[in-house]
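In: Have a look at this prediction, sequence included:
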Amino acid sequence: MDKNYEQLIKKARERAIDSIARNIDLYGITLSIGHLYGTLLFQDKPMSLDEMGEALGMSKTSMSTGVRTLLDLNMVNKVWMKGTRKDYYAVEPDWYQNFIDYFSIKWRKGIDDNVQSLQKSVRELEELSVKEDLPEDMRESVGQDIEKIKNALAYYNWLSRLIDTFESHQIFEYVPKEPGAH
């Protein structure tokens, strides 16, 4: 192949990988992990940690941390390779599913943590609201706080149902995938 073509292809891939990394950075994943994902995306075969480290000029430890993050987010898969004991990884190419998995994992964790805290606050405030010696102005304030927290809980219930539409792929009935995309 002509050297100029190779350079053009390399430059286009590097630009695409950098763009992917910056996009993933918006989701709270580091640029280096985004570069790792982009590098895996443009490989025509699974890569080992050593190969990733060599391609990105990073340590095996950094690659291991990055791959673990991508595995946890279902953005890469461990792939078995005949004749080797090394672990190999390949990117999950379905960007729609990557988005769904990433946000579902993050949102569900946030929802669970927040709902538990808010439910505890409601219980405590409801117990307080029935105290006979609670001054009337405080009782009114507690009642208003309970309403605010219940509104927040209603929001988290809605958000959970929204996540359900992503996970069930019902979202694509309302916002269809681009034609030809997978």
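Out: Done, it's in.

In: Outline the domain layout of the protein.
Out: Per the record, the chain has its domains at 3-92, 96-174, by automatic domain parsing.

In: Compare these and say which comes out lowest on pLDDT.
Out: The weakest mean pLDDT among the domains of the chain belongs to domain 3-92, with a mean of 90.

In: now it, how far from the chain's geometric center?
Out: Taking the mean of its C-alpha atoms, domain 3-92 sits 16 Å from the chain's own mean (CA atoms, centre = their mean, to the nearest Å).

In: now swap in stretch 129-136 and tell me
Out: Mean C-alpha position of stretch 129-136 versus that of the full chain (CA atoms, centre = their mean) differs by 45 Å.

In: then that stretch to PDB, C-alphas only?
Out: Below are the C-alpha coordinates for stretch 129-136, written out as PDB (Å, rounded to 0.1, in the frame of the first residue of the first chain):
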ATOM      1  CA  SER A 129     -44.400  15.300  62.700                       C
ATOM      2  CA  VAL A 130     -46.600  13.300  65.100                       C
ATOM      3  CA  LYS A 131     -44.700  14.400  68.200                       C
ATOM      4  CA  GLU A 132     -47.200  16.200  70.500                       C
ATOM      5  CA  ASP A 133     -44.600  18.700  71.800                       C
ATOM      6  CA  LEU A 134     -43.500  19.800  68.300                       C
ATOM      7  CA  PRO A 135     -44.200  23.500  67.900                       C
ATOM      8  CA  GLU A 136     -46.800  24.300  65.200                       C
END
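
In: Just the helices from the chain, written as ranges.
Out: 3-26, 31-41, 49-56, 60-72, 95-129, 136-167, 171-174 (DSSP state H).

In: Please identify the deepest-packed of those helices.
Out: Greatest average neighbour count among the helices of the chain goes to helix 31-41 (a mean of 22), per mean count of other CB atoms under 10 Å. Backbone N, C-alpha and C define where each C-beta goes, glycine included.

In: So what touches it?
Out: Outside helix 31-41, the residues that touch it by CB atoms under 8 Å, 6 or more residues apart in numbering are 16-18, 20-25, 29, 47, 52, 55-56, 58, 62-63, 66-67, 69-70, 75-76, 89-91, 93.

In: Pretty sure D145 sits against L125.
Out: Yes. Counting by CB atoms under 8 Å, L125 is a contact partner of D145 at 5.7 Å.
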